[in-house]
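Undergrad: coords please:
(3 chains)
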Amino acid sequence: MRLTREFFERDVLQVAPDMVGKILVRKSIGIHRHLITEVEAYSGIEDQASHARFGRTTRNSIMFARGGLVYVYLIYGMYWMLNVVTGPENHPQAILIRGLQGINGPGKLTKALGIDRTFYGEDLSTSGRIWIENGLEKPDFIQTPRFGIAYAGEPWKSKPWRYIRVQRPEIS
DNA sequence: GTAAGGATTGGC
DNA sequence: CCAATCCTTACT
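TA: Numbers count the residues shown, from 1 in each chain, chains lettered A, B, ... in the order given. Model prediction:
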């Protein structure tokens, strides 16, 4: 079942752990479903690791919209990063999707799914080509500091806002 | 207008 | 370790 906008309109630190174990659905020629295994949360203009730290700009304006929309941007001139906007309007937050089952790395997953700038602002609650569905009931996950944002300084670079799925040992 | 560097990846 | 590659932001 597709997640509604209400799911994404909560605070990013509530939504991010709930994203682990959900299913990212991409429909183009055929339909593909991918288990979300790793995400990172970026929260507010005060978060010095967030693109919203300079206030509203052309690139990050979608982060200031309500939750449930897609934020896509180009990094290092070659990789598209897929993010989901969360929270209420004018409260810039986003979740970077860093990994899917079988696809590790935020740049690799957008390439594999064919996601580019045309997805900027796409509405996950109504889009016919990308959305997120309920998945695992209660997946286990661990939290670690976010990757590649050392420039943000403390306390931001140490916030445990990276969420990674871990598989519970099978019970036999 | 100009310059610096990035929420990455893969190859040496 | 470091280049690829181009867009965004900061600064003159």
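Undergrad: which sections of chain A are below the confidence cut-off?
TA: Applying pLDDT under 70 to chain A flags residues A:170-172.
Undergrad: and the helices in it?
TA: Taking DSSP state H as the criterion, chain A carries its helices at A:5-8, A:12-19, A:106-113.
Undergrad: for the first one, buried residues please.
TA: Buried residues in helix A:5-8, defined by neighbour count with 16 or more other C-beta atoms under 10 Å: A:F7, A:F8. Placement of C-beta: from N, CA and C, glycine included.
Undergrad: what pairs with the strand ranked longest in chain A, parallel or antiparallel?
TA: For chain A, the strand with the greatest residue count under DSSP state E is strand A:30-43. Strand pairing for strand A:30-43, determined by DSSP bridges: strand A:23-28 (antiparallel), strand A:93-100 (antiparallel), strand A:162-166 (antiparallel).
Undergrad: to A:T4, which of those strands lies closest?
TA: strand A:23-28 (14.2 Å; C-beta to C-beta).
Undergrad: can I get the closest one in CSV, CA atoms only?
TA: The C-alpha coordinates for strand A:23-28 follow below in CSV (Å, rounded to 0.1, in the frame of the first residue of the first chain):
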residue,chain,number,x,y,z
ILE,A,23,9.6,-0.4,-0.5
LEU,A,24,10.7,2.1,-3.1
VAL,A,25,8.6,1.6,-6.2
ARG,A,26,9.7,2.7,-9.7
LYS,A,27,7.4,2.3,-12.7
SER,A,28,8.6,3.0,-16.2
